[in-house]
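Student: Fold the stuff below for me.
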Amino acid sequence: MVKVEFAASLRRHVECAPQQVAPGSLRVVLDAALAAAPGLRHYVLDDQGHIRKHVAVFINKTMVMDRQTLTQPLASGDSVLVIQALTGG
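Tutor: Sure thing, here's the model as predicted:
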């Protein structure tokens, strides 16, 4: 299984415990995890299903750079962390 966790900055909008979902592409994994908290979908993905600019997704501590295709394969034991990317000064 793949572990998917949403950071507290996103969970404050919609509570969602860490999910254990079947392996597959990043899109399949995110879709499965977001099914448990559909209210988070519009915070994470835009209308085209791309990762929003204010969101960062990490696979095994490596940031996902391709925010559109989400075809990166995930295997059992992998972990995904979805955080709100904040900037400021």
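Student: how about the helix or strand bottoming out on mean pLDDT in the chain: buried residues?
Tutor: Within the chain, no helix or strand scores below helix 8-11, which has a mean of 84 by mean pLDDT, DSSP states H and E. For helix 8-11, burial by neighbour count (16 or more other C-beta atoms under 10 Å) applies to Leu10. All C-beta spots, glycine's among them, are computed from the backbone N, C-alpha and C.
Student: Identify all contacting residues around that helix.
Tutor: 16, 40, 43-44, 55, 82-84, 86 (C-beta atoms under 8 Å, 6 or more residues apart in numbering).
Student: are any of the residues you listed buried, and which?
Tutor: Judged by 16+ other C-beta under 10 Å, buried ones among those: 16, 40, 43-44, 55, 82-84.
Student: Narrow these to those in helices?
Tutor: 43-44 (DSSP state H).
Student: tell me the contacts of Val14?
Tutor: With C-beta under 8 Å, 6+ apart, Val14 has these contacts: 37, 39-40, 43.
Student: Next, work out how far apart the residue nearest to it when sequence neighbours are not counted and Lys3 are.
Tutor: Spatial nearest neighbour of Val14, excluding adjacent residues (C-beta to C-beta, 6 or more residues apart in numbering): Gly39 at 3.8 Å. Gly39 sits 21 Å away from Lys3, going by C-beta to C-beta, to the nearest Å.
Student: Among the two, which residue is more densely surrounded?
Tutor: Per other C-beta atoms under 10 Å, whichever of Gly39 and Lys3 has more neighbours is Lys3, with 17 against 11.
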